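Participant: using only what follows, build the 3D model:
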Amino acid sequence: MEKNNKKIMTGNQAIARGFYEAGGLVASSYPGSPTVEILESVQSYPEVDAHFSTNEKVALETAIGASFAGVRAMVSMKHVGVNIAADPLMTFTQTPVRGGFMIVSGDDPGMNSSQNEQDNRNMAKFANMAVLAPADSQEAKDYTEIALEISETYAMPVMLQITSRVCHGRCLVEVGERKEAIKEEFPRDVPSYAMIPPNTLDKQYAMKDRLERLAEGPEVEVLNRIEKEENAKTLIITTGLPYFQLKELGELDVPVAVLKLGMAYPLPKTWLQQQVENYEKILVVEEMTPFIENELKLMGIPCKGKEYFPFTGELSQEVLSNGLRKAGLLKENAEKEVEASAEDTSVTPRPPLFCAGCPHRPVFDILKKSKVMVNNDIGCYSMGLFPPFEASHSLISMGATIGISSGMLKANRKAGRDIPLVSVIGDGTFFHSGMPGMVNLLNHLHPEDNLTILILDNGTTAMTGGQKNASTGKRLPEKEKHVEITQLVEAMGIEDVQTLDQFQYKKTSETVKKAIATPGLSVLVMTRPCALHFKIKEPVYHVDPEVCIGCRTCIKTNCPPLRMKGYEGQEKMKSSIDPAMCVGCSICAQVCPVDAIKRREGGEQNETN
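Facilitator: Modelled structure (predicted):
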């Protein structure tokens, strides 16, 4: 939808547009919710080189190189991705930026799709970077352009901190024309760009100086604003989406002024002290950690915030109204009205499921029946932790499963425990950060340790939307360059490596169980592609109710087309298959103990399809 020079955009799309209009030329990323759409949107602009990288560290380094070469660059990732990128980031911030550089951190209050809730404003302060925090799509676009300008003006990287709802929320965004911003080629200036002692000592002072100049610069008036109200004795300081949540509550029961911070760090001390001097009470409304609250207190500005509002989760209108009531700014009935409204819009929760035909399903069915200790990794296969499988027992971060299993084996050996372990990791995660753990096993694994590693090679980064990874090419018609995981693992010096088709259920089950029972290291590469991304559809199956004994063995595979139902003339419930959902993976037929599940006419069962 377009209105004159305005378009409806998500926050992610708006960042992409802002980067394009600001003359950005190189964008890199590693896919992770809530920021995946940023790079996918940038890819629609042919002027920009935009690609996903193997992991966030490599993505950051790609953008650093582009900035060194004098063009505007952007790297985007979810908040935990900044941890992966932290090593080069913490050193890069010491160098003078040439082409404008922006790192987008997709923070996730409430952990809707993340394993933790870290607040990367703290990371940015740690790295001596400025932080801009947009509240909607228009600000996301505007702040992107301002961030790149700040980066070049003050020669520093800038973080754009955007949260999940701002990433995916939509509003009208004013669009403009692209401008070019290319600087001279990279200078051979070793003291500025080779960060080794003694070059780094002066950089500590340079980082401090540029932050102080920014806090007193003209950007303060552009990014921060105060909305005054007559007779107000209370000032609410807020940033990001909570600003709009606050505005939607309407007038409070006492007059308040609102100060919206677009620049969350560094805070402009002189300007803020002038703004707050006429107010008796200062309340900080922010999601996650008390970052702004603590910064204000360090400046000697008395304020309260987390005394009334939670330190975790999103600041919904319900949560916000509860805090304002505790602070004496809202009456009791205002909270009840918001709660009633929230109840009216509630929805029935839906548990996560593997897709129909997902190649991970038989793997976790086998692991559940094996009753073995499993350390999981991050991807679609994380759902192996949930009912009905509950086959996995730990999950920490991308690529961690192999190292964790190595440590557990060491501990068990010292404690005199002989416990076989299984590590499960996907192909994209293996390339992202699993390979170092695999190499580490060569000299760390005791000959009597029993570790089975399952690499689920489905040919895509499935959980974040099916982006390519290093093994995707072998499944494409044009056969792009790709990595054969089996050959890669063998080249690492690991001898027991097998390739399996997990839709050959019986063979896979026997191989997995044998590996678990055999001391030493076994690596099993599961080769079935993602059914959703590669649009796999085989002839469907059906249940013969005359043969079915209602044992629910097929139902326990947790395939969406399967359910129990009553049949005419049958006393007990029998299984059934929805033909509209079935993709013909055959797993249900293979686990059926009485051969009651058959392909419909016109299709022959073929386990190797």
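
Participant: can we go C-alpha only for contacts and neighbour counts from here?
Facilitator: Will do.

Participant: what's the pLDDT at the residue nearest to residue 259 when sequence neighbours are not counted?
Facilitator: Spatial nearest neighbour of residue 259, excluding adjacent residues (C-alpha to C-alpha, 6 or more residues apart in numbering): residue 226 at 4.1 Å. Listed pLDDT for residue 226 reads 96.

Participant: shouldn't residue 226 be within a helix?
Facilitator: No: applying DSSP: H, G, I helix; E, B strand; the rest coil, one finds residue 226 to be strand, outside a helix.

Participant: how near is it to residue 302?
Facilitator: 18 Å (C-alpha to C-alpha, to the nearest Å).

Participant: now do the contacts for residue 330.
Facilitator: Residues near residue 330 by C-alpha atoms under 8 Å, 6 or more residues apart in numbering: 252-254, 321, 324.

Participant: between those residues, which is closest to residue 261?
Facilitator: residue 324 (19.1 Å; C-alpha to C-alpha).

Participant: using the three-state scheme, assign that closest one.
Facilitator: Here residue 324 takes the helix state, with states given by three-state DSSP.

Participant: same deal with the one 5 residues further on?
Facilitator: For residue 329, the reduced secondary structure class is coil; criterion used: three-state DSSP.

Participant: surely it and residue 251 touch.
Facilitator: No: assessed by C-alpha atoms under 8 Å, residue 329 is found out of contact with residue 251, at 9.9 Å.

Participant: okay, the two: which has more neighbours?
Facilitator: Comparing residue 329 with residue 251 by other C-alpha atoms under 10 Å, the one with more neighbours is residue 329, at 18 against 12.

Participant: how much space separates the more buried one from residue 254?
Facilitator: Counting by C-alpha to C-alpha, the separation of residue 329 from residue 254 is 6 Å.

Participant: just checking, residue 142 touches residue 20?
Facilitator: No: using C-alpha under 8 Å as the test, residue 142 is too far from residue 20 to be in contact (11.7 Å).

Participant: just the strands in the stretch 501-609 of the chain please.
Facilitator: 520-526, 541-543, 562-565, 574-577, 597-599 (DSSP state E, counting those that start in this stretch).

Participant: scratch that, the stretch 351-500 of the chain
Facilitator: Going by DSSP E, counting those that start in this stretch, the stretch 351-500 of the chain shows strands at 373-375, 421-426, 450-456, 497-500.

Participant: so can I have a markdown table of those strands showing mean neighbour count?
Facilitator: Converted to a markdown table, the strands of the stretch 351-500 of the chain look like this (neighbours: other C-alpha atoms under 10 Å):
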| stretch | mean neighbour count |
| --- | --- |
| strand 373-375 | 23 |
| strand 421-426 | 26 |
| strand 450-456 | 24 |
| strand 497-500 | 16 |
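
Participant: out of those strands, nearest to residue 84?
Facilitator: With C-alpha to C-alpha, the closest approach to residue 84 among the strands of the stretch 351-500 of the chain belongs to strand 421-426: 17.4 Å.

Participant: pairing partners for the closest one, with directions?
Facilitator: Taking DSSP bridges as the criterion, strand 421-426 sits next to strand 373-375 (parallel), strand 450-456 (parallel) in its sheet.
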